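> dropping the sequence and predicted coords here.
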Amino acid sequence: MDKMNQIKKEIFTSMKMMDTTIKGVKDSEEYKIAQAYNQGLRDAMVIFEREMK
């Protein structure tokens with residue numbers, strides 16, 4: 001189980017974080033790409049967790 005927690009931590013830390021308090025960030029193309037990337041990581045984590053059970 002410790003290995004699974006390590007993998008989860010690595011996936012979480014690879015997510016792209018952006019400061020949404022900066023005006024106009026949410027409308028930027030970079031923000032939208034980061035959101036799509038993060039959604040892909042979250043989807044992968046759900047599949048990973050489901051298969052590990």
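Yep, that arrived.

> pLDDT averaged over stretch 26-39 - what is it?
For stretch 26-39, mean pLDDT is 95.

> what helix or strand does the residue nearest the centre of the chain sit in?
For the chain, the residue nearest the mean C-alpha position is residue 38 (3.3 Å; C-alpha atoms, centre = their mean). If you go by DSSP states H and E, residue 38 is part of helix 29-52.

> list the buried ones in that helix?
Using 16 or more other C-beta atoms under 10 Å as the test for burial, helix 29-52 gives 31, 34, 38. C-beta here means a position set from N, CA and C on the backbone, and glycine is covered the same way.

> one step back: show me the contacts for the residue nearest to the centre of the chain.
Contacts here follow C-beta atoms under 8 Å, 6 or more residues apart in numbering; on that basis residue 38 touches 15-16.

> now it: how far from residue 44?
From residue 38 across to residue 44, the span is 11 Å (C-beta to C-beta, to the nearest Å).

> circling back to that earlier point, alpha carbons of the helix holding residue 38, as PDB, please.
The C-alpha trace of helix 29-52 is given here as PDB (Å, rounded to 0.1, in the frame of the first residue of the first chain):
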ATOM      1  CA  GLU A  29      -4.900  29.100 -23.400                       C
ATOM      2  CA  GLU A  30      -2.100  28.000 -21.000                       C
ATOM      3  CA  TYR A  31      -4.600  27.600 -18.200                       C
ATOM      4  CA  LYS A  32      -7.000  25.600 -20.300                       C
ATOM      5  CA  ILE A  33      -4.200  23.300 -21.400                       C
ATOM      6  CA  ALA A  34      -3.200  22.800 -17.800                       C
ATOM      7  CA  GLN A  35      -6.700  22.000 -16.800                       C
ATOM      8  CA  ALA A  36      -7.000  19.400 -19.500                       C
ATOM      9  CA  TYR A  37      -3.700  17.900 -18.500                       C
ATOM     10  CA  ASN A  38      -4.700  17.800 -14.800                       C
ATOM     11  CA  GLN A  39      -8.100  16.200 -15.700                       C
ATOM     12  CA  GLY A  40      -6.200  13.500 -17.600                       C
ATOM     13  CA  LEU A  41      -4.000  12.800 -14.600                       C
ATOM     14  CA  ARG A  42      -7.100  12.600 -12.300                       C
ATOM     15  CA  ASP A  43      -8.800  10.200 -14.800                       C
ATOM     16  CA  ALA A  44      -5.700   8.100 -14.800                       C
ATOM     17  CA  MET A  45      -5.600   8.000 -11.000                       C
ATOM     18  CA  VAL A  46      -9.200   6.800 -10.800                       C
ATOM     19  CA  ILE A  47      -8.400   4.000 -13.300                       C
ATOM     20  CA  PHE A  48      -5.200   3.100 -11.400                       C
ATOM     21  CA  GLU A  49      -7.000   3.000  -8.000                       C
ATOM     22  CA  ARG A  50      -9.800   0.900  -9.400                       C
ATOM     23  CA  GLU A  51      -7.400  -1.600 -11.000                       C
ATOM     24  CA  MET A  52      -5.300  -1.900  -7.800                       C
END
